[in-house]
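Novice: with the input below, show me the fold.
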Amino acid sequence: MTATVIDGREIARDVRSRAAAAAERFRLDHGRVPGLATVLVGDDQASAVYIANKRRSAAAAGIADFHEHLDADASEAEVAAVLDTLAADDRVSGILLQLPLPGHLDQARLIDRIPPAKDVDGLTTLSQGLLAGGRPGLRPCTPSGVIELLDAAGVPLAGARAVVVGRSVLVGRPMAQLLLQRDATVTVAHSRTADLAGVTAQADILIAAAGVQGIITGRHVRAGAAVIDVGIHRTGSGLAGDVDFDDVVGTAGWITPVPGGVGPLTIAMLLTNTVAAATAAVAGSAAHTGVAR
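Specialist: Residues are numbered from 1 along each chain as shown. This is a model prediction of the structure:
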């Protein structure tokens, strides 16, 4: 058996196209476009590249670009003031604070300055609570992108045995919640799980998000399973993931590559969230004022 390689770039193009169409409908209906604010603190090169890609993709989808770049030694009060200003700006539909932040800043506290209605990364405490409670809200982009990949590939979720390797608030935990909401039976494992291979080899769907290069090998994978690699690591020979692709591709039924798998969906789902936030804000304003729009 050779796994079907899921082309994340192609699926992301479709998601971006749908987001652009929704942004255009919003413009026609309301006379303005959704707006995405990105906030970068410091001069980390990887973060700068990620922000540039997000801004470029947003502009291509017809989303207004609001960007703030603060010095690496900016105080927490200065960053908080920028976030508060963006939160109060009606032109801004969504706010993204690029992570990681410089070490002197309290990351969790600053993330929680973002109103849940504009939390297009789905990372605030309130957004996490809405997800855990199964209530409507903006969902983290990477886990949402994984669901989009699985759906596009035709991988059944309801009733499937899913194992998520990783327990971060960025990916692992919200990933498990999203799979549960789609009626999968979910196990959360991690790098310290005893007999990790024994756990993962039971999975119909295996999500690798441990942040450990090559942690998933052929012996970890059940024949025919869908293997989604969320990891990304820079090596001397290029990018690599949490999955040893060459060792797994002969066993899995579906597999994502690195690069070209989950990564493109993260930005695509950010655009989707931004348009959804703009639409929800207008609907909420209309409901509050009693004005039909």
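Novice: helices of the stretch 1-150 of the chain, start to end?
Specialist: Along the stretch 1-150 of the chain, counting by DSSP state H, counting those that start in this stretch, helices occupy 8-30, 45-60, 76-88, 107-111, 125-132, 141-153.
Novice: and those helices, which is most packed in?
Specialist: Of all the helices of the stretch 1-150 of the chain, helix 141-153 has the most neighbours on average by mean count of other CB atoms under 10 Å, namely a mean of 23. All C-beta atoms are positioned from the backbone trio N, CA, C, and that covers glycine.
Novice: contact partners of it?
Specialist: Identification of contacts with helix 141-153 by CB atoms under 8 Å, 6 or more residues apart in numbering yields 4, 6, 8, 11-12, 14-15, 120-122, 157, 170-171, 174-175, 178-179, 182, 205, 207, 226, 228, 230, 254, 256, 261-262, 265-270, 272-273.
Novice: which of those residues fall within helices?
Specialist: 8, 11-12, 14-15, 174-175, 178-179, 265-270, 272-273 (DSSP state H).
Novice: now the buried members of the contacts of helix 141-153.
Specialist: Buried subset of the contacts of helix 141-153 (neighbour count, 16 or more other CB atoms under 10 Å): 6, 8, 11-12, 15, 120-122, 157, 170-171, 174-175, 178-179, 182, 205, 207, 226, 228, 230, 254, 256, 261-262, 265-270, 272-273.
Novice: any chance of the backbone angles for H190?
Specialist: The phi/psi pair for H190 (degrees, to the nearest 10) reads phi -160, psi -180.
Novice: let's see the pLDDT reported for the nearest residue to it once chain neighbours are set aside.
Specialist: Leaving aside its chain neighbours, H190 sits nearest to R167 (4.9 Å; criterion: CB to CB, 6 or more residues apart in numbering). pLDDT, R167: 96.
Novice: what sits against R167?
Specialist: The contact partners of R167, taken as CB under 8 Å, 6+ apart, are R173, V188, H190.
Novice: format these as JSON lines; extra columns: neighbour count, pLDDT and distance to A22.
Specialist: Listed next are those as JSON lines, based on neighbours: other CB atoms under 10 Å; pLDDT from 0 to 100; distance: CB to CB, whole Å:
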{"residue": "R173", "neighbour count": "20", "pLDDT": "97", "distance to A22": "28"}
{"residue": "V188", "neighbour count": "18", "pLDDT": "98", "distance to A22": "33"}
{"residue": "H190", "neighbour count": "17", "pLDDT": "94", "distance to A22": "36"}
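Novice: let's have those residues in CSV, adding distance to G218.
Specialist: Converted to CSV, these look like this (distance: CB to CB, whole Å):
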residue, distance to G218
R173, 27
V188, 22
H190, 20
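Novice: among the residues you listed, which one sits closest to D73?
Specialist: Comparing the contacts of R167 against D73 with CB to CB places R173 closest, at 31.9 Å.
Novice: and that closest one, how close does it get to V188?
Specialist: According to CB to CB, to the nearest Å, R173 and V188 sit 7 Å apart.
Novice: point out where the stretch 151-293 of the chain drops to low pLDDT.
Specialist: 285-293 (pLDDT under 70).
Novice: mind listing the strands for it?
Specialist: Under the criterion DSSP state E, counting those that start in this stretch, strands of the stretch 151-293 of the chain are mapped to 161-165, 185-189, 205-208, 226-229, 233-235, 238-240, 254-255.
Novice: contact partners of the shortest one?
Specialist: Around strand 254-255, the neighbours that count as contacts under CB under 8 Å, 6+ apart are 3-6, 153, 155, 225-229, 243, 245, 248-249.
Novice: farthest-separated two in those?
Specialist: Farthest-apart pair in the contacts of strand 254-255 is V155 and F245; separation 17.7 Å (CB to CB).
Novice: now do the contacts for the closest residue to A59 other than its chain neighbours.
Specialist: Nearest in space to A59, with sequence neighbours left out and distances taken as CB to CB, 6+ apart, is D65 at 5.5 Å. Taking CB under 8 Å, 6+ apart, we find D65 in contact with G35, L36, T38, R55, A58, A59.
Novice: what sits against G42?
Specialist: In this structure, G42 makes contact with L70, D71, A72, L101, P102, judged by CB under 8 Å, 6+ apart.
Novice: now render these as JSON lines, adding pLDDT and distance to E24.
Specialist: Formatted as JSON lines, the contacts of G42 follow (pLDDT from 0 to 100; distance: CB to CB, whole Å):
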{"residue": "L70", "pLDDT": "98", "distance to E24": "32"}
{"residue": "D71", "pLDDT": "98", "distance to E24": "37"}
{"residue": "A72", "pLDDT": "97", "distance to E24": "38"}
{"residue": "L101", "pLDDT": "97", "distance to E24": "34"}
{"residue": "P102", "pLDDT": "96", "distance to E24": "38"}
